[in-house]
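Asks: predicted coordinates and the sequence they were generated for:
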Amino acid sequence: MLQPFKIRMTRGWHLQTLWGKQQTHTDHQKTFPWKHYPAAEESASTLQQLVPCFTMTFNLTVTLLSGERADVEVDPDRTVIFLRRAAESQLKRPLKALLSAQGRLNGPSRICDAGLQDGDVITAIVREPGPVMESYRKARAFAAIKEDTVVTWGASEFGGDSRSVRRQLTDVMQVYVSEFACAAIRNDGTVVSWGSAIAGGDSHDVRNKLIDVKEIVAANSAFAATKSDGSVVAWGDSRNGGSCEEVQKELFDVQKIFASNTAFAAIRGDGKVVTWGAKNGGGDSQAVQSQLLDVKQIHSTSVAFAAVRQDGSVVSWGAVSGGGDCSGQELTDVVQMHSTTRAFAALQADGKVVTWGAPSAGGDSRSVRDNLLDVVQLCASEAAFAAIKADGSVVVWGSSDSGGDASGHSEVLRGGVRQLVATDSAFAAIKDDASVVTWGAKRAIHGCAELMDVQQVVPNEGAFAAIKSDGSVVTWGDPACGGDSSEVQAELVNVHRIHAASGAFAAVRHDGKVISWGDPRGGGNSRDVSEYLNSEGFASSTSPDNNPKQHGVSENIQLPSIQE
């Protein structure tokens, strides 16, 4: 005899019993009493066929590593997103992800399709305090992902104002910020874009294709999206990568996409490469197509690409003056590559470095060739390179205006350097004793005093920001780019991460509050959105005014009632 069961119907359904009688129901949210069905040889799974489905509620336990737990009763026809929100509501904490025994649970998936069973225990990962921040070194805006909303600020025409799409910016998984526009992937795989229409801020023409998207890559004025089936959708300036129609048939099983300023290059599962966009920016690879086999990684300057193959060899194409021709170089066993705007530097397994491209941008390293041995790390500014050797010393070359001359710091750079970072025109070296040494263009190192006890240094185009071990922040460089943080210095306490746009910084404190400074037109002033940006946003079931006046404030700032 089959065990009785309780049917909780959540939408219209059709029941087909084993003995052939059909019952169609269109009631909603009705709970039926226990019912007994005759024994049958068939398994319980074939007792009924329900369209779209009928369910029993699942009792699931969501646990944190701290031992805290949330017991959630949920309809298995609901999504993982619904489950996460229900757990957040109980735990009073924002959750980054849910993990089952099978791995990470996909947000848009139904619980009954995610391999979960009644009584399962699920592990939750807590998100760090504050919103998930997104920006880009050349961007003029910031985007902060909160619970069920996105808050933006900065240059309104280049992504800082998202009011036109605020109703769509819900359930956002990730935001991609380019120089002129923004694009967001939602948990259901759809895409929302805003900013400069010609540069990818308007994806209306391809909106029906932008489904099941898993990743987006940005060029200067275009976006390219990889879908779960391996196909690609591009939009934006058609001359500079915004259209891939000419190579659409070749864009299948795409694993990864890379961008120069004006073109894209995609690696397929078979190791071949497909390119599109401006020909003088790397969008035409016909001359080297026969060599583009077994490719595992691609790097770019502003106008050229370089592909590293499985055997460690390199193939490059694009503007010759910008690194598009490496045929005269002996490139083997390449393990690391970096680029300036118009030159490449490749680190080989034997610790030697090979360079090519514009000599004025670091493409000619002959002056330091004898010293470029036992190199373990490379770093690039706009037109210069710096290398850390195994003994902790530093070698530099390229344009002196971009940090290619460190002769004034030769003593302190003879050893003990563990990390390098760079703005467009200067370098900063973090030493083993947590001190920092900077060199390069005067404006980019303006205000740099003796720095000690530094944990992290973050650069943007023209300035640096350093987090010290006590959570305080020190800044230097071009004041117009955030090198002067005096106006917000009192608020820069207990900081645990910093994000950079082209001329501004945004710091996230341990209490979740976001502080920004620098060029107010480029993201350096978030005061207008601070009420929404710094709200807790997840314990409440209400929403603020549906007609916010501030630029870039999306509609549902606080977590709404749990719903898909």
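Replies: Now that the structure is in, tell me what you want to look at. Residues are numbered from 1 along each chain as shown.
Asks: contacting residues around the closest residue to I498 other than its chain neighbours?
Replies: Spatial nearest neighbour of I498, excluding adjacent residues (CB to CB, 6 or more residues apart in numbering): V458 at 4.4 Å. In this view, the C-beta of every residue, glycine as well, is placed from N, C-alpha and C. If a contact means CB atoms under 8 Å, 6 or more residues apart in numbering, then V458 has V421, F464, A465, A466, I467, I498, H499, A500, F505 as its contacts.
Asks: among those, which one has the most neighbours?
Replies: Among the contacts of V458, F464 has the most neighbours (other CB atoms under 10 Å), with 32 neighbours.
Asks: OK, contacts around it?
Replies: So F464 contacts V421, T423, A426, A428, T438, C448, V457, V458, T475, W476, G477, G483 (CB under 8 Å, 6+ apart).
Asks: ok, now with 10 Å
Replies: Going by CB atoms under 10 Å, 6 or more residues apart in numbering, F464 touches 421-423, 426-428, 436, 438, 444-445, 447-448, 451, 457-458, 474-478, 481-483, 498, 500, 505.
Asks: could you measure it against K389, distance?
Replies: 23 Å (CB to CB, to the nearest Å).
Asks: equivalent analysis for G471, please.
Replies: G471 is 32 Å from K389, by CB to CB.
Asks: hey, what's A266 bridged with?
Replies: Under DSSP bridges, the beta-bridge partners of A266 are I257, V274.
Asks: next one, pLDDT for it please.
Replies: Among the per-residue scores, A266 holds a pLDDT of 99.
Asks: what does D77 give?
Replies: Looking at D77, its pLDDT is 86.
Asks: correct me, but it touches L116?
Replies: No - judged on CB atoms under 10 Å, D77 makes no contact with L116 at a distance of 12.0 Å.
Asks: which of these two has more neighbours?
Replies: L116 (23 against 18).
Asks: what sits against that one?
Replies: When contacts are counted by CB under 10 Å, 6+ apart, L116 touches 58, 60, 74, 76, 80, 83, 98, 100-102, 105, 109-110, 122.
Asks: neighbour-wise, give me the winner out of those residues.
Replies: L83 (27 neighbours).
Asks: may I see the buried residues of the longest helix along the chain?
Replies: For the chain, the longest helix by residue count, based on DSSP state H, is helix 80-91. Buried positions in helix 80-91, judged by neighbour count with 16 or more other CB atoms under 10 Å: V80, I81, F82, L83, R84, R85, A86, A87, E88, S89, L91.
Asks: let me see the mean pLDDT of that helix.
Replies: The average pLDDT for helix 80-91 rounds to 87.
Asks: same check, this time on stretch 411-424
Replies: Per-residue scores along stretch 411-424 average to 94.
Asks: do stretch 430-438 as well
Replies: On average, stretch 430-438 scores 95.
Asks: same deal with stretch 493-500?
Replies: If you average the pLDDT over stretch 493-500, you get 95.
Asks: G483: what's it in contact with?
Replies: Shown in contact with G483 (CB under 10 Å, 6+ apart): 423, 443-448, 460, 462-465, 475-477, 503, 505, 517-518.
Asks: domains of the protein?
Replies: Following automatic domain parsing, one finds the domains of the chain at 8-50, 58-126.
Asks: which of these has the lowest mean pLDDT?
Replies: For the domains of the chain, mean pLDDT drops lowest on domain 8-50, to a mean of 39.
Asks: hmm, G524 is touching G154, no?
Replies: Yes - with contact defined as CB under 10 Å, G524 reaches G154; the gap is 8.0 Å.
Asks: common neighbours of the two, please.
Replies: Residues touching both G524 and G154 (CB under 10 Å, 6+ apart): F142, A501, G503, A504, A506, S516, G518.
Asks: which stretches of the chain have low pLDDT?
Replies: 1-55, 108, 129-130, 147, 535-564 (pLDDT under 70).
Asks: would you map the helices across it?
Replies: Using DSSP H, helices in the chain cover 80-91, 530-533.
Asks: between those helices, which one is closest to G269.
Replies: helix 80-91 (27.3 Å; CB to CB).
Asks: list the buried ones in stretch 398-416?
Replies: In stretch 398-416, counting by 16+ other CB under 10 Å, buried: 398-406, 409, 412-413, 416.
Asks: gap between the two ends of stretch 358-378?
Replies: Distance between the two ends of stretch 358-378: 18 Å, counting by CA to CA, to the nearest Å.
Asks: again with stretch 375-393
Replies: One end of stretch 375-393 to the other measures 9 Å (CA to CA).
Asks: tell me how far that stretch lies from the chain's centre.
Replies: Chain-centre distance of stretch 375-393: 25 Å, with CA atoms, centre = their mean, to the nearest Å.
Asks: what of stretch 68-86?
Replies: Counting by CA atoms, centre = their mean, stretch 68-86 comes out at 26 Å from the chain centroid.
Asks: going forward, the N-terminal residue is numbered 58.
Replies: Fine by me, first position is 58 from now on; the one you just mentioned is stretch 125-143.
Asks: using PDB, list the CA coordinates for that stretch.
Replies: The C-alpha trace of stretch 125-143 is given here as PDB (Å, rounded to 0.1, in the frame of the first residue of the first chain):
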ATOM      1  CA  GLU A 125      23.700  29.500  13.400                       C
ATOM      2  CA  ARG A 126      20.900  27.900  11.400                       C
ATOM      3  CA  ALA A 127      17.600  28.700   9.700                       C
ATOM      4  CA  ASP A 128      14.900  26.100   9.300                       C
ATOM      5  CA  VAL A 129      13.000  26.900   6.100                       C
ATOM      6  CA  GLU A 130       9.700  25.200   5.000                       C
ATOM      7  CA  VAL A 131       9.600  25.800   1.200                       C
ATOM      8  CA  ASP A 132       7.700  24.600  -1.800                       C
ATOM      9  CA  PRO A 133      10.300  22.700  -4.000                       C
ATOM     10  CA  ASP A 134       8.800  24.500  -7.100                       C
ATOM     11  CA  ARG A 135      10.300  27.700  -5.700                       C
ATOM     12  CA  THR A 136      13.800  28.900  -6.700                       C
ATOM     13  CA  VAL A 137      17.100  28.800  -4.900                       C
ATOM     14  CA  ILE A 138      16.900  32.600  -4.800                       C
ATOM     15  CA  PHE A 139      13.700  32.300  -2.800                       C
ATOM     16  CA  LEU A 140      15.300  29.900  -0.400                       C
ATOM     17  CA  ARG A 141      18.300  32.200   0.100                       C
ATOM     18  CA  ARG A 142      16.100  35.200   0.900                       C
ATOM     19  CA  ALA A 143      14.100  33.200   3.300                       C
END
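Asks: need the buried residues of stretch 455-473 in TSV (columns: distance to D585).
Replies: Listed next are the buried residues of stretch 455-473 as TSV, based on distance: CB to CB, whole Å:
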residue	distance to D585
G455	40
S456	38
S457	41
D458	36
S459	35
G460	35
G461	40
D462	42
A463	41
H466	41
V469	42
L470	43
G473	44
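Asks: narrow the residues you listed to those in strands?
Replies: Here DSSP state E is the test, and those give G455 as lying in strands.
Asks: which ChimeraX command selects the buried ones in the contacts of F521?
Replies: In ChimeraX, this line selects whichever of the contacts of F521 come out buried by 16+ other CB under 10 Å:
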select :478,479,480,483,484,485,493,495,501,502,504,505,508,514,515,531,532,533,534,535,538,539,540,555,557,562
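Asks: how about E507, nearest residue that isn't a chain neighbour?
Replies: S492 (7.4 Å).
Asks: ditto for F309
Replies: G287 (5.5 Å).
Asks: what is in contact with D134 and L173 at once?
Replies: By CB under 10 Å, 6+ apart, the residues touching both D134 and L173 are R167.
Asks: this completes my enquiry, with thanks.
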